[in-house]
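1. got a sequence here, can you build the structure:
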Amino acid sequence: MPDDVLDPAALQAWLDEPHADIRSMVRDLLDTAEFAPVGRIPKEEHREIVLGWARRLAEEGGTTLGFPTEYGGGGNVGGSIAAFETMAHGDLSLLVKVGVQFGLFGGAILHLGTKPHHDTYLRDLMSLELPGCFAMTETGHGSDVQRIGTTATYVPEDDEFEIHTPDDRSRKDYIGNAAAHGRAAAVFAQLIVDGTNHGVHCLVVPIRNKKGKVLDGVRIEDCGDKLGLHG
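-> Residues are numbered from 1 along each chain as shown. All right, here's what the predicted structure looks like:
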């Protein structure tokens with residue numbers, strides 16, 4: 001096609017719809033010096049930079065568009081997808097961080113939880129006051145959810161659930177946001193009540209305290225560098 005026929009601005013405007021304003025907001029933010037690309041730096045340093053970026057995006061509302069308005073979200077699922085897609089033009093580590101925090105962790109609580117869960121967690125996870133992760137995949141079962149080995153046994157005398165990893169094949173693996181920042185996890189487990197297995201359920205499980213210390217009974221290991229996604 002001859003150059004004098006193609007209007008790049010018009011083509012972009014057409015491709016950006018129906019959420020052109022949201023895409024523009026994300027691009028403008030990513031184009032600032034604060035979001036300048038980083039070179040090959042230690043993963044620990046890169047992770048802290050990406051966490052800061054994610055917090056800034058949350059402040060601007062770019063990561064909370066898909067959450068209900070009654071909790072401070074935008075109530076705009078389509079706009080949320082457009083914003084997420086546009087973030088891929090920046091650091092892909094940021095894209096994954098945002099996807100885990102707001103899509104997987106936040107999405108699990110929003111769509112699998114009930115109002116008490118929403119009231120307790122949504123505002124804090126939307127502001128990144130509560131960093132979280134999505135603990136479904138296991139070493140021996142991958143994402144074959146019906147076969148996962150982790151159990152959640154209800155203890156009636158304490159009105160609590162005991163989360164148990166019976167063997168190394170049942171440990172959660174490749175859990176983004178867990179190595180350094182996650183304070184809670186949406187854990188998929190076989191629900192055991194009075195000796196009966198009621199199948200896979202999802203529970204919000206604390207894994208670190210507010211100071212970042214790993215809680216008793218929790219073991220976290222670091223998978224290390226992640227092929228271009230070191231943050």
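
2. what about this structure, any weak spots by pLDDT?
-> Scanning the chain for pLDDT under 70 picks out the ranges 1-4.

3. and the helices in it, which stretches?
-> Applying DSSP state H to the chain gives helices spanning 8-16, 20-30, 43-60, 77-87, 92-98, 106-112, 115-126.

4. CSV for these, including mean neighbour count and distance to residue 197?
-> The way it works is simple: take the backbone N, C-alpha and C, and place the C-beta from them, glycine included. Shown next, in CSV, are those (neighbours: other Cβ atoms under 10 Å; distance: least, Cβ to Cβ, whole Å):
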stretch, mean neighbour count, distance to residue 197
helix 8-16, 10, 49
helix 20-30, 17, 44
helix 43-60, 18, 37
helix 77-87, 19, 34
helix 92-98, 21, 33
helix 106-112, 19, 18
helix 115-126, 16, 23
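
5. take stretch 127-141, keep the C-alpha atoms, and write them as PDB.
-> What follows is stretch 127-141, C-alpha atoms only, in PDB (Å, rounded to 0.1, in the frame of the first residue of the first chain):
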ATOM      1  CA  SER A 127      -4.100  -0.800  46.400                       C
ATOM      2  CA  LEU A 128      -1.400  -3.400  46.700                       C
ATOM      3  CA  GLU A 129      -1.400  -3.000  50.400                       C
ATOM      4  CA  LEU A 130      -1.900  -6.800  50.300                       C
ATOM      5  CA  PRO A 131       0.400  -8.400  47.800                       C
ATOM      6  CA  GLY A 132      -0.800 -11.900  46.900                       C
ATOM      7  CA  CYS A 133      -0.300 -14.900  44.700                       C
ATOM      8  CA  PHE A 134      -2.300 -17.700  43.000                       C
ATOM      9  CA  ALA A 135      -1.300 -21.100  44.400                       C
ATOM     10  CA  MET A 136      -2.900 -23.700  42.100                       C
ATOM     11  CA  THR A 137      -0.200 -25.400  40.100                       C
ATOM     12  CA  GLU A 138       1.700 -28.200  41.800                       C
ATOM     13  CA  THR A 139       5.000 -30.000  41.100                       C
ATOM     14  CA  GLY A 140       3.500 -33.400  40.500                       C
ATOM     15  CA  HIS A 141       0.100 -32.400  39.100                       C
END
